[in-house]
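K.L.:
Sequence and predicted structure are below.
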Amino acid sequence: MGLNLTQKIIKAHLVSGEMITGAEVGLRIDQTLTQDATGTMAYLEFESMGIPRVRTELSVAYIDHNMLQSGFENADDHRYIQSVAHKYGLKFSRPGNGICHQVHLERFGIPGKTLIGSDSHTPTGGGIGMLAIGAGGLDVAVAMGGGTYYITMPKILKVNVTGSLKPFVTAKDVSLEFLRRIGVKGGVGKIIEWTGEGIKTLTVPERATITNMGAETGATTSVFPSDEVTGQFLKAQGREKDFIPLGADPDAEYDEVIDIVLDDVEPLIACPHSPGNVVTVASLAGTKVDQVCIGSCTNSSLYDMRKAAALLKGKTIADGVSMSVSPGSRQVLSMLAENEALNDIIQSGARLLECGCGPCIGMGFSPNSGGVSLRTFNRNFEGRSGTKDAQVYLVSPETAVASALNGVITDPRTLGKMPEVSMPDSFRINDSAIILPLDEKDAVNAEVIKGPNIKDFPQARPQTDELNAELILKVGDNISTDHIMPAGSKVLPYRSNIPKISEFCFTVVDETFPARAKAAGSGIIVGGNNYGQGSSREHAALAPLYLGIRAVVAKSFARIHAANLINAGIMPLTFSNPDDYDKLTQGDKLRITDVHAGMDKGEMILENLSNGEKYAVNCSFTERQKAMLKAGGLLEYTKNAER
Ligand code: MIC
Ligand code: SF4
């Protein structure tokens, strides 16, 4: 039997385990990336491991998230990361050089390689046939040190693509169609392989939009084969030497198959407050729009920007609309500037923002109160934009422009004829904003620069055999990491200061949580389905750790967050009977005895001392995870293993 593409890449990088669905596999990691909002923690963790030099083929530190510098904090973090990169052998992508995923795709990604990144949209690299996975900062730190990265061998879901997209229908609409079909939990435990005749009609930026937004289904990652289209893209980036053809064997097997006929896809829109709330654009036509944003790692390629510019050409956006355009990289911006495209954007009345995440993570450009914001981004969780009552919708660049021009949600097919936009034969190559590290011998004495806002990460606590804790917070389904550890321009500057950032933990849901948790000293959180969906930010585990959280009991967990909890020494436990969720009340006094024996059995008993009830909870941890929890997290476990 032949292998599918995922199996081929995993097989070539397998360090431990067998490729059996559900089993733990250890992977050798070729490349890592970090961004600044998760990078400071990752590098503090890396430094504490005492390894003199990164041991990957390539590690890149990007600055793209915390770009507004309204105080010293973000600038200090940038300098810290730059100094670490310089000393420990990483490439450093300066602020303004672009969003990590876009730049990595352009300049560094290689088909068939493994990449982990401390950002959940790392799967963007799957657009050129990489096995690219989002992970917590600590996992990335370990991989930088040459350590193995562990995942549960996922099911492989094949998406068989046929046909071609109609004018004004885009890869973003394909992503939204996919989300409409499988939902925000539909990809959990799966890798999504895009294949079939239809993918030949999709350019690399379009493929990258699709793999990027696969993250919103909860999938481990998404991947396209490396074919002629990939080869052309790499050649145009002056990187033909990085190209290898790579795809599934003709007789490869898959766990599931979904068919997508591109001709049948329509312009779609995800409604507040979930990327999975997808309806047709036509069904919302006429809804008044206050703000439109084009950019983010989903839709900021040169291809997307050129399409937006072509549609804006000679026109002016509606009076009631405030519009931003943030190109994904310096390369994109500079190529827009080479012809009239940039001018077409500027003349339309749109505001040009710098190349970075910007409004996507609430780093500026927050909507007006109650405002309707149409964004070409990938997430619209409540409050993420920085305005709690904003109504954020996710759309394609085409729908965004059509709506900006009319001032109301508009099906872009009403715009007439789609102007011809193509991919360039060669991109403008200028890597001067990538700073190279020092030579190993010069690096020995190089200084790491730490600003006063950079504090040590919290010490994890080993899980003892008996846990007594209060049910400190009970939340519902689909709690995102944006609920647990909000972002935005006011909070993000504290990403390197866990004591400070923990004051914002869960405040979107309950403002009293940080103080109550800290006072209790030992707490348990109870959640519904898909707890921790969204980002990879390990702060959503580190801040609860700092506040005394010892376990989270939920109906189900998102992959990266569950891994981050274990890395931080917090137990993610699931209800054996989901109905028991209803029997628990915030404030209950809880106890788990025989924690260690329970870990071995895969089941523990959660006692509710407030009403005498007992509930079974699952904990199917691997041997490695058990050892981590007993040691007090991944860092302690790694240090113990080295001793
Ligand atoms: C996001 O899109 O949610 C982020 C901000 O890029 C996060 C990382 C972070 O919180 O720093 C992600 O996707 O992992
Ligand atoms: Fe940045 Fe937004 Fe992409 Fe996250 S989703 S990496 S915040 S652009």
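P.N.:
That came through fine. Residues are numbered from 1 along each chain as shown. Ligands and ions are numbered 1, 2, ... in the order given.

K.L.:
switch to C-alpha atoms for all contacts and neighbour counts from now on
P.N.:
OK.

K.L.:
quick one: contacts for the residue in the stretch 301-450 of the chain that ligand 1 sits nearest to?
P.N.:
With Cα to the nearest ligand atom, the shortest gap between the stretch 301-450 of the chain and ligand 1 falls at residue 361, namely 5.7 Å. Residue 361 sits next to 65, 384, 385, 386, 487, 488 when contact means Cα atoms under 8 Å, 6 or more residues apart in numbering.

K.L.:
Tell me, how many residues neighbour the fourth one?
P.N.:
Taking other Cα atoms under 10 Å as the neighbour definition, residue 386 ends up with a count of 24.

K.L.:
roughly how far apart are the spatially closest residue to it that is not a sequence neighbour and ligand 2?
P.N.:
The shortest distance from residue 386 to any non-neighbouring residue, by Cα to Cα, 6 or more residues apart in numbering, is to residue 362 (4.8 Å). Using Cα to the nearest ligand atom, to the nearest Å, one obtains 8 Å as the distance from residue 362 to ligand 2.

K.L.:
and residue 362, what are its phi and psi?
P.N.:
phi 70, psi 20 (degrees, to the nearest 10).

K.L.:
any low-confidence regions in this structure?
P.N.:
For the chain, the stretches flagged by pLDDT under 70 are 642-643.

K.L.:
one more time with 90, if that's ok
P.N.:
1, 339, 457-461, 638-643 (pLDDT under 90).

K.L.:
Nearest the geometric middle of it, what residue?
P.N.:
In the chain, the residue lying closest to the centroid (Cα atoms, centre = their mean) is residue 120, at 1.8 Å.

K.L.:
ok, residue 288 touching residue 408?
P.N.:
Yes. Between residue 288 and residue 408 there is a contact at 4.3 Å, judged by Cα atoms under 8 Å.

K.L.:
Neighbour count for these two, which is higher?
P.N.:
Counting neighbours by other Cα under 10 Å for residue 288 and for residue 408 shows that residue 408 has the greater number, 22 against 19.

K.L.:
Could you pull up the contacting residues of the more buried one?
P.N.:
Shown in contact with residue 408 (Cα under 8 Å, 6+ apart): 285, 286, 287, 288, 289.

K.L.:
Could you list the residues of the stretch 101-250 of the chain in contact with ligand 2?
P.N.:
Counting by Cα under 6 Å from any ligand atom, the stretch 101-250 of the chain comes close to ligand 2 at no residue.

K.L.:
all helices of the stretch 101-250 of the chain, in order?
P.N.:
Secondary structure of the stretch 101-250 of the chain by DSSP state H, counting those that start in this stretch: the helices cover 137-144, 171-182, 204-213, 228-236.

K.L.:
Make TSV out of those and add mean neighbour count.
P.N.:
Shown next, in TSV, are the helices of the stretch 101-250 of the chain (neighbours: other Cα atoms under 10 Å):
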stretch	mean neighbour count
helix 137-144	28
helix 171-182	24
helix 204-213	28
helix 228-236	20
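
K.L.:
right, is stretch 289-309 up against ligand 1?
P.N.:
No. If you take Cα under 6 Å from any ligand atom as the test, stretch 289-309 misses ligand 1, and the best it gets is 8.6 Å.

K.L.:
Endpoints of that stretch, how far apart?
P.N.:
20 Å (Cα to Cα, to the nearest Å).

K.L.:
swap in stretch 187-200?
P.N.:
24 Å.

K.L.:
Please compute how far that stretch lies from its chain's middle.
P.N.:
18 Å (Cα atoms, centre = their mean, to the nearest Å).

K.L.:
and what of stretch 3-13?
P.N.:
Relative to the centre of its chain, stretch 3-13 is centred 23 Å away, using Cα atoms, centre = their mean.

K.L.:
what do you get for stretch 557-572?
P.N.:
How far stretch 557-572 lies from its chain's middle: 15 Å, per Cα atoms, centre = their mean.

K.L.:
What residues of it count as buried?
P.N.:
Residues 557-572 are the ones in stretch 557-572 that count as buried (16 or more other Cα atoms under 10 Å).

K.L.:
With stretch 469-481 instead?
P.N.:
Here stretch 469-481 shows 469, 470, 471, 472, 473, 474, 475, 477, 478, 479, 480, 481 as buried, counting by 16+ other Cα under 10 Å.

K.L.:
Closest to residue 83 out of those residues?
P.N.:
Closest to residue 83 out of those is residue 481 (28.9 Å), distances taken as Cα to Cα.

K.L.:
Correct me if wrong: the closest one contacts residue 538.
P.N.:
No. Using Cα under 8 Å, residue 481 is not in contact with residue 538; the gap is 9.1 Å.

K.L.:
Within the helices and strands, which one has residue 286?
P.N.:
Assigned by DSSP states H and E, residue 286 belongs to neither a helix nor a strand.

K.L.:
hang on, the earlier thing: intersection of neighbour lists for residue 481 and residue 538?
P.N.:
By Cα under 8 Å, 6+ apart, residue 481 and residue 538 have these common neighbours: residue 561.

K.L.:
Would you mind stating the distance between the closest residue in space to residue 120 that isn't next to it in sequence and ligand 1?
P.N.:
Using Cα to Cα, 6+ apart and skipping residues adjacent in sequence, the residue nearest residue 120 is residue 134, 4.3 Å away. According to Cα to the nearest ligand atom, residue 134 stands 7 Å off from ligand 1.

K.L.:
Sweet, I'm off.
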